[in-house]
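Asker: only geometry, no sequence info:
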């Protein structure tokens, strides 16, 4: 079936959807899963409190991470929360993955840089 390739489904899946649509109309192709779209862990007030907490560095140091957010949410909702849920709240609030750049133990000083890269002269003018 050419349609299957266009919509990214298998031909069998397209046949089943078409059969349900012909039998039930638009209602036959709607999402009929139970509990589709679980209730959010935090209400709007709690989410606003999370935004305030995120505006300061974490008490444990470092950067805010999914596990740190999950631990904070767990304290608020009084049940265990997966690390993935912490990541989802960070993403929902507009935060992106931040990885600190590696720090060299022996960073070059300005004198070392000048010694390795002396100025070049061409025709009496420094380039």
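Answerer: Here it is on my side, so go on. Values in this document were obtained by computation on a predicted structure and should not be read as measured data. Numbering: from 1, shown residues only.

Asker: Grab the most central residue of the protein for me.
Answerer: The centre of the chain sits closest to residue 91, judged by CA atoms, centre = their mean, with a distance of 4.5 Å.

Asker: element containing that one, please.
Answerer: helix 83-92 (DSSP states H and E).

Asker: buried ones in that helix?
Answerer: Using 16 or more other CB atoms under 10 Å as the test for burial, helix 83-92 gives 85-90. Heads up, the C-betas are built off the backbone N, CA and C, glycines and all.

Asker: Which one of those residues is nearest to residue 76?
Answerer: Distance to residue 76, by CB to CB, is smallest for residue 89 among these, at 11.0 Å.

Asker: Contact partners for the closest one?
Answerer: By CB atoms under 8 Å, 6 or more residues apart in numbering, the contact list for residue 89 reads 41-42, 47, 50, 69, 73.
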